[in-house]
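> Quick check, what structure comes out for this input:
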Amino acid sequence: EVSRIALGAIPFGTWLDEKDSLDMADQFLDAGGNYIDTANIYGRGASELTVGKVVKGRRDRFVVGTKGAWLMEDKMRPNGFGLSRAYLTTNIEASLRRLGTDYIDLYQCHVQDPQTPIEETMRVLDDFVRAGKIRYVGVSNWGGWQVVKANTFARQFGLTPILSNQIWYSLADRVAEFAIIPACRDQGVSIIAWGALAQGFLTGRYHRGDEGPPPDSRTAGILEDESSSWKRLAVERNWNTLDVMERVAKHHDKKIPQVALAWLLQSGTCDVVLLGARNQEQYVSNMAVLNLL
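Here you go, the predicted structure:
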C-alpha cells in the first residue's frame, strides 16, 4: 500500500541539503504519505545517499522506490547502460549500498532498453525478488505494448510481474490515455505520474504571449521534440486549460498547481502522483492538494 501522493526525491542531495530533506520527509509523513521515489541517476547517486539518511531508523515507515538503466559514468563502455543482467545487477547492488538498506520496495526500470530482450530483464529482476533484495518490480517510461509483453512472459514462466509504470502524464499532455494507460489497466499495472505540473507549465507562471520560458526554468533548454518542451506545451489547448484551472482555483480558494494535482488524483486514470519542487515551500503547497480530495 502506498500513499496517493509520492515524495519525488530528485532535489534530495542536489539542491536540498540533508537537513531540508529530513524536514520535508517529516512533513510528508505527517501528511499521511509513505512513498518516496528516487533513482540512481539523480545527482549521480546523491539523491539515493540522502534518501538513505532520511529513512534511517524508520525504514518500515517508508516505501522506497528507485530506478536504474541510465549511464552512470562520463563515458559509455560495454555493459554500461540498459537493462541487461550485467548492468542491472551492478545498478541494483549499488543502489542498495547507497540507500543503506537490505531491500528496495519498488525497483523500476528507468527506460526501455531496445538492445536487451525483455525476457532477460524480467528474469534478472525476478532473481533479485527471490533473493529478497527487491520486493516489487516496476518500470518507467515504458510503452503499453512493452508492459504487456513483459507481463505475458512473466506470467507464462512464473516470474515476478510488473506492478507499476511511471509515466509523463498531466493535464497538459494526456497522450498516455490513448494506449499506455489502457494497456496498463488491462494488466493490473498501476500508473504513477511524473511531470504532473508539466515542468512548471501548469503552475500559472506562464501566460499567452510569452515568447518562451525564462533561462532558469525547468523547460528552458529542453529539445523541441521532447514532450516537456516549450514548443509542445505552449499551445492553444493548454492555454485554454490553464484558463479553466484558474477559474476553478479561484472558486475553491486554491492554487493552480493544486488543481492540476487534484485532477490527476480524481481522474480515475492515475494511481499515484509524484510531488516535485525546487524548495520546501513548493513541496508544502503541493501537499495541500490532499485538502481538495
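> Every contact and neighbour count from this point should use C-alpha atoms.
OK.
> Name the residue closest to the centre of the chain, please.
Trp194 (4.4 Å; CA atoms, centre = their mean).
> residues of the helix or strand of the chain with the lowest mean pLDDT that come out buried?
Lowest by mean pLDDT, DSSP states H and E among the helices and strands of the chain is helix 280-287, with a mean of 82. For helix 280-287, a neighbour-count test (16 or more other CA atoms under 10 Å) marks Tyr283, Val284, Asn286, Met287 as buried.
> now do stretch 86-94
Buried, per 16+ other CA under 10 Å, within stretch 86-94: Tyr87, Leu88, Thr89, Asn91, Ile92, Ala94.
> can you give me how far the helix or strand that the fifth one is a member of is from the chain middle?
I take that to be Ile92. Per DSSP states H and E, Ile92 falls inside helix 85-99. From the chain centre to the centre of helix 85-99 is a distance of 19 Å (CA atoms, centre = their mean, to the nearest Å).
> same deal with stretch 263-281?
The answer for stretch 263-281 is 10 Å, by CA atoms, centre = their mean.
> So for it, first residue to last residue, what's the gap.
21 Å (CA to CA, to the nearest Å).
> related to what we said a few turns ago, need the buried residues of stretch 86-94 in JSON lines with distance to Ala39 and pLDDT, can you?
Compiled in JSON lines, the buried residues of stretch 86-94 are given as follows (distance: CA to CA, whole Å; pLDDT from 0 to 100):
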{"residue": "Tyr87", "distance to Ala39": "15", "pLDDT": "96"}
{"residue": "Leu88", "distance to Ala39": "13", "pLDDT": "97"}
{"residue": "Thr89", "distance to Ala39": "15", "pLDDT": "97"}
{"residue": "Asn91", "distance to Ala39": "10", "pLDDT": "96"}
{"residue": "Ile92", "distance to Ala39": "11", "pLDDT": "98"}
{"residue": "Ala94", "distance to Ala39": "11", "pLDDT": "98"}
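> out of those, who's nearest Asn34?
The closest of the buried residues of stretch 86-94 to Asn34 turns out to be Ile92 (CA to CA; 21.6 Å).
> Name whatever forms a beta bridge with the spatially closest residue to that closest one that is not a sequence neighbour.
Closest residue to Ile92 apart from its sequence neighbours, by CA to CA, 6 or more residues apart in numbering: Gly68 at 7.4 Å. Gly68 has these beta-bridge partners by DSSP bridges: Cys109.
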